[in-house]
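>>> Would you be able to build a 3D model of this:
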Amino acid sequence: MASLQASTLLFSSSSSSPSSSSKQIHAALSVPKLPSIRFSVPKVPTKGLSVELINTRDADGFINTIPFEKNLIKSPMVQESSSVSMATLQLYAILESIADRVEMHNNVGQQRENWNTLLLNSINMITLTATTMAGFTATGGAGASVLGLKLASTLLFSAATGMLVLMNKIQPSQLVEEQRNATRLFKQLQRQIETLLAIGSPCKEDVKDAMEKVLALDKAYPLPLLGVMLEKFPENLEPAVWWPKIQAQEKDQEKHFNGRVESNGWTEELEMEMREVVEVIKRKDSEDYEKLGNKALKMNKILATSGPILTGIAAVGSAFMDSSNGPWAAIIASFAGALASAVNTLEHGGQVGMVFEMYRNNAGFFKHVQESIESTLSESNLEKRENGELFEMKVALQLGRSLSQLRDVAKKSSYSRIEGNPIDEFASKLF
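Residues are numbered from 1 along each chain as shown. Just a heads-up that it's a prediction; the model follows:
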């Protein structure tokens, strides 16, 4: 306690008394003691780091303390963070490539859709203009004017024939559908890789699988037109294949189920259900879409052949228009030109090539579901399979059904095969 002492002043009073009295006053002020405060400074980890302090004096005379690293060694945590799984880094690199491909296919698809519109409108305008000239020539006129209309219509019909041959060869509407499918499938693969990175630690096998899927998609939906363009008029419809070839598992041992005991979500009943779903896909969905696709292919072949033939006939007819031949050549040219314009509008305005590509892609979808189920069931080790309940849910969602509906389809397929009657229901409700 700090004490403060004060001596009082001596007061003297002038009075009649001869003696004077002096008093001394002592005063004490008490101040509470302040608590002591300690500041704790965290210690800087110096493991693997040797630092010396060097005192230097600047221009103003102040002393600066500069740490000097003498022996800097990375800590184990830094090494671990810098050595992130190489598989993870590779998958992120694949994601960047996939995002770039999505953008490329989207841009190319828009460009080819513009091709289809511009070529269709241009060819129709050229054909109808030439048809009008030929029809006007059939009404008669002076020799000079007939010659000019004859040459102009012949040139326009010839140009329309060449443009139609090129347009029917590349089928812009079919190319647009290819780019749409490629964009959707690349986005689907992108989401699958993102899910893998979010919920688990990827390995080298995941990187290899992702690379194979990207290359398979590049092969299934090529961007260039020259050399690698898909055949637009094959003999028969072949389902699109955009996934790498699935290696069949060796059946080195038999699976044994004890009643309804589950192993990794798989039971004997679930295996039978998946096999029946595959049978329904083969007998109904795949077969139906292949028939529809072949019909669209035949129709597209007929239209693609008829258009250039009609414009060629119109060009020949307009070339022989003359007053000596009468109006017949002009009538033939006018009729063929008008019919060619109608055929061209039906083929490319109706986008028959796009319809064929849609059926081809749908047939590929069912083939992919079928192969994925068969490859999963061919794995004899149940623990190596994807979880049975999760796999069943994925198949049901792919086919647009609930779990109960998928099981009902499998039961109907089983009963129909036992009774020898064809099943009247498709596996998918999406397409």
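>>> Show me what counts as buried in stretch 374-391.
Under the neighbour-count criterion of 16 or more other CB atoms under 10 Å, stretch 374-391 has 376-377, 379, 382, 385, 388, 391 buried. Where C-beta positions appear, they are placed from N, C-alpha and C, glycine not excepted.
>>> Could you do stretch 209-216 as well?
Going by neighbour count (16+ other CB under 10 Å), the buried part of stretch 209-216 is 209-210, 213-214, 216.
>>> again with stretch 315-323
Neighbour count says stretch 315-323 has 315-319, 321 buried, by 16+ other CB under 10 Å.
>>> which among these gets closest to residue 405?
Nearest to residue 405 among the buried residues of stretch 315-323: residue 315, at 57.8 Å, using CB to CB.
>>> How about that closest one: what's its closest non-neighbour residue?
residue 157 (3.5 Å; CB to CB, 6 or more residues apart in numbering).
>>> can you give me the helices in the stretch 301-431 of the chain?
Using DSSP state H, counting those that start in this stretch, the helices found in the stretch 301-431 of the chain span residues 328-344, 352-378, 388-398, 403-419.
>>> Dump those into a markdown table; add distance to residue 292 as well.
Listed next are these as a markdown table, based on distance: least, CB to CB, whole Å:
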| stretch | distance to residue 292 |
| --- | --- |
| helix 328-344 | 22 |
| helix 352-378 | 5 |
| helix 388-398 | 20 |
| helix 403-419 | 21 |
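>>> out of the ones you listed, which comes closest to residue 245?
helix 352-378 (9.1 Å).
>>> ok, and the closest non-adjacent residue to residue 171?
residue 353 (3.8 Å).
>>> Quickly note the distance from that neighbour to residue 309.
To residue 309, residue 353 is 18 Å away according to CB to CB, to the nearest Å.
>>> Please apply the same query to residue 187.
In terms of CB to CB, residue 187 sits 41 Å off from residue 309.
>>> Also residue 287?
With distances taken as CB to CB, residue 287 is found 34 Å from residue 309.
>>> so where is the stretch 51-200 of the chain shaky, pLDDT-wise?
Filtered on pLDDT under 70, the stretch 51-200 of the chain yields the residue ranges 51-84, 140-145.
>>> Okay, and the residue nearest to residue 341 when sequence neighbours are not counted sits in which element?
Excluding the flanking residues, the one nearest residue 341 by CB to CB, 6+ apart is residue 127, at 4.5 Å. Assigned by DSSP states H and E, residue 127 falls within helix 86-138.
>>> Going along the chain from that helix, find the next helix or strand for me.
By DSSP H and E, the next helix or strand past helix 86-138 is helix 143-170.
>>> buried ones in that following helix?
Neighbour counts over helix 143-170 (16+ other CB under 10 Å) mark 146, 149-150, 152-154, 156-161, 163-164, 167-168, 170 as buried.
>>> How about stretch 169-186?
Under the neighbour-count criterion of 16+ other CB under 10 Å, stretch 169-186 has 170-183, 185-186 buried.
>>> Out of those residues, which comes closest to residue 430?
residue 181 (14.6 Å).
>>> Disregarding residues adjacent in the polypeptide, which is nearest to that closest one?
residue 361 (5.1 Å).
>>> repeat for residue 376
Per CB to CB, 6+ apart, closest to residue 376 is residue 385, 5.7 Å.
>>> quick one on the thing from earlier: wait, doesn't the residue nearest to residue 315 sit right on residue 130?
Yes - at 4.8 Å, residue 157 counts as touching residue 130 under the criterion of CB atoms under 8 Å.
>>> Pull up the overlap in contacts between those two.
By CB atoms under 8 Å, 6 or more residues apart in numbering, residue 157 and residue 130 have these common neighbours: 314, 318, 333, 337.
>>> Farthest pair within these?
318 and 337 (8.2 Å).
>>> who's in contact with the residue most central in space within the chain?
Centroid check for the chain by CA atoms, centre = their mean gives residue 187 as the closest residue, at 1.6 Å. Shown in contact with residue 187 (CB under 8 Å, 6+ apart): residue 102.
>>> and stretch 158-172, how far out from the chain's middle?
How far stretch 158-172 lies from its chain's middle: 31 Å, per CA atoms, centre = their mean, to the nearest Å.
>>> contacting residues for residue 390?
Here residue 390 is in contact with residue 265 (CB under 8 Å, 6+ apart).
>>> now with 10 Å?
If you count contacts by CB atoms under 10 Å, 6 or more residues apart in numbering, residue 390 has them with 264-265.
>>> now swap in residue 424 and tell me
284, 412, 416.
>>> Tell me the spacing between the second one and residue 268.
Spelled out, that is residue 412. 19 Å.
>>> Ok, residue 380 next?
Distance from residue 380 to residue 268, by CB to CB: 14 Å.
>>> Surely residue 363 is in contact with residue 296?
No - using CB atoms under 10 Å as the test, residue 363 is too far from residue 296 to be in contact (11.6 Å).
>>> These two: who's more crowded?
residue 363 (23 against 20; other CB atoms under 10 Å).
>>> what's near enough to touch that one?
237-240, 285-290, 292-293, 431.
>>> try it again with 6 Å
Residue 363 makes contact with 239, 289-290, according to CB atoms under 6 Å, 6 or more residues apart in numbering.
>>> follow-up on the earlier one: need the shared contacts of residue 157 and residue 130 in TSV with pLDDT and distance to residue 224, can you?
Shown next, in TSV, are the shared contacts of residue 157 and residue 130 (pLDDT from 0 to 100; distance: CB to CB, whole Å):
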residue	pLDDT	distance to residue 224
314	94	34
318	89	37
333	91	38
337	94	34
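>>> of the residues you listed, buried ones?
Here, 16+ other CB under 10 Å leaves 314, 318, 333, 337 buried among the shared contacts of residue 157 and residue 130.
>>> any idea how far residue 335 is from the first one?
What it means is residue 314. In this view, residue 314 and residue 335 are 8 Å apart by CB to CB.
>>> likewise the second one?
Per CB to CB, residue 318 is found 12 Å from residue 335.
>>> mind checking pLDDT for residue 36?
Note on residue 36: pLDDT of 49.
>>> what's the answer for residue 17, then?
41.
>>> likewise residue 414?
Per-residue confidence (pLDDT) for residue 414: 89.
>>> Is it in contact with residue 276, as I believe?
Yes - under the criterion of CB atoms under 6 Å, residue 414 makes contact with residue 276 at 5.5 Å.
>>> So which of those two has more stuff around it?
Set side by side, residue 414 and residue 276 show more neighbours around residue 276, with 23 against 16, by other CB under 10 Å.
>>> Now that one. Nearest residue, chain neighbours left out?
In space, residue 276 is closest to residue 410, 3.8 Å off (CB to CB, 6+ apart).
>>> pretty sure the one you found contacts residue 274?
No - Residue 410 is beyond contact range of residue 274, at 7.9 Å (criterion: CB under 6 Å).
>>> If anything else comes up later, I'll come back, but that's it for now.
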